[in-house]
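Enquirer: next come a sequence and a model predicted from it.
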Amino acid sequence: MLKKAFLVVIALCAFSSLAGVFMAGLNIYTRSTTPHEEAPATQEVPTNTTPAATLQTK
C-alpha cells in the first residue's frame with residue numbers, strides 16, 4: 001500500500017512538472033503570436049521653473 005501511494009505521488013509530481021512545461025511553452029507561443037499594441041504617447045508634466053528663493057517667504 002505504501003509503495004502504491006509513493007508511486008501515485010511520483011506520478012502526480014511528474015504530471016505537474018509536465019503541465020508546468022506546457023504552460024510555459026504556451027506562454028512563449030502566445031507572446032510571440034500576439035500583435036504588439038503601440039502604447040499611447042505619454043504626456044510630460046511641465047516642471048515648475050520658479051526659483052527656490054521665491055518659494056521661501058519669511
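Expert: Okay, I see it.
Enquirer: what about the chain, any weak spots by pLDDT?
Expert: 39-41, 43-58 (pLDDT under 70).
Enquirer: can you give me the helices in it?
Expert: 2-33, 52-55 (DSSP state H).
Enquirer: other SSEs contacting the longest one?
Expert: For helix 2-33, the contact count by 3 or more Cβ pairs under 8 Å, 6 or more residues apart in numbering; DSSP states H and E identifies no helix or strand as a packing neighbour. Where you see a C-beta, it was placed from the backbone N, CA and C, and this is true even at glycine.
Enquirer: from the helices of the chain, which stretch is densest packed?
Expert: helix 2-33 (a mean of 9; mean count of other Cβ atoms under 10 Å).
Enquirer: and residue 34, how many neighbours?
Expert: A count of nearby residues for residue 34, using other Cβ atoms under 10 Å, gives 8.
Enquirer: that older thread, mind checking the helices of the chain for the one nearest to residue 42?
Expert: Distance to residue 42, taken as Cβ to Cβ, is lowest for helix 2-33 among those, at 23.3 Å.
Enquirer: export the helices of the chain to JSON lines and tack on distance to residue 42?
Expert: Converted to JSON lines, the helices of the chain look like this (distance: least, Cβ to Cβ, whole Å):
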{"stretch": "helix 2-33", "distance to residue 42": "23"}
{"stretch": "helix 52-55", "distance to residue 42": "27"}
